[in-house]
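Q: Quick one: sequence and predicted model below, then my questions.
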Amino acid sequence: KKSSSGPIRTNNSATKLTVEGLEPYTVYAFHVQAVNEVGQSRPSKQSYPAITLMEKPSGKPAVVAAHNTSSTSIYLEWSAPGLHTIHGQFQGYLITYRPRDTSPRQAEEVRITNPAATSHTLEGLAVYTQYLLSIKVFNPEGSGPETIVVVMTDEGA
């Protein structure tokens, strides 16, 4: 990744430097150049590439549509967050749902392991019930923030 902030200058001759503020799960390579009162040396050859560690995602999916498709099913459609917010290997989505008036401990969970997925239909739900749905992305480090919607199943036939 090309630096957009320019060179990092030190005021000593140390042979080690910790570079702060890098993006997670990003490849970096460096050049070193000596500077003294006479001037600057030629830049070194590029370092071997190094990758920063993964972190939990910071981005969340945007819900595009959420509506009942019957008295016992709900359709959920979303768009993925920007890949730069995944901070690791994008492994998919986690959808949790429960009737709105129940405890979070009673939530059901659906793990979608296809990062390219953009929709899912929940089936076998209670008739004419408000559901609290949440969706979030996950990578090997964990899951990101959730997007929450409330949808009601249809009246019985």
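A: Nice, thanks for sending it over.

Q: Tell me how far Asn135 lies from Ser119.
A: In this structure residue 135 is Ile, not Asn. Plainly put, Ile135 is 11 Å away from Ser119 if you go by CB to CB, to the nearest Å. Every C-beta, even on glycine, is put in place using the N, C-alpha and C of the backbone.

Q: By mean pLDDT, flag the weakest helix or strand of the protein.
A: Using mean pLDDT, DSSP states H and E, the weakest-scoring helix or strand in the chain turns out to be strand 35-36, at a mean of 90.

Q: ok, and what's touching it?
A: Here strand 35-36 makes contact (CB atoms under 8 Å, 6 or more residues apart in numbering) with 9, 41.

Q: in this protein, what spans have low per-residue confidence?
A: 1-5, 157 (pLDDT under 70).

Q: Which residue ranges of it form helices?
A: In the chain, no helices are found when defined by DSSP state H.

Q: In its sheet, which strands sit next to the lengthiest strand in the chain, and in what direction?
A: Using DSSP state E, we find that the single longest strand of the chain is strand 130-139. Paired with strand 130-139 in the same sheet, following DSSP bridges, are strand 92-99 (antiparallel), strand 142-143 (antiparallel), strand 147-152 (antiparallel).

Q: okay, Ile135 and Ser119: which has more neighbours?
A: Ile135 (23 against 11; other CB atoms under 10 Å).

Q: quick one, what contacts the more buried one?
A: By CB under 8 Å, 6+ apart, Ile135 lies in contact with 60-61, 63, 76, 78, 93-95, 146-147.

Q: before we move on, what about Pro140?
A: Per CB under 8 Å, 6+ apart, neighbours of Pro140: 54, 88-89, 91.

Q: from the residues you listed, which would you call buried?
A: 54, 88, 91 (16 or more other CB atoms under 10 Å).

Q: My guess is the last one contacts Asn139. True?
A: Right, Gln91. Yes - under the criterion of CB atoms under 8 Å, Gln91 makes contact with Asn139 at 5.6 Å.

Q: how near is the residue nearest to Asp154 when sequence neighbours are not counted to Leu125?
A: Counting by CB to CB, 6 or more residues apart in numbering, Asp154 lies nearest to Ser71, which is 4.3 Å off, once chain neighbours are set aside. Noted for Ser71: a distance of 8 Å to Leu125, by CB to CB.
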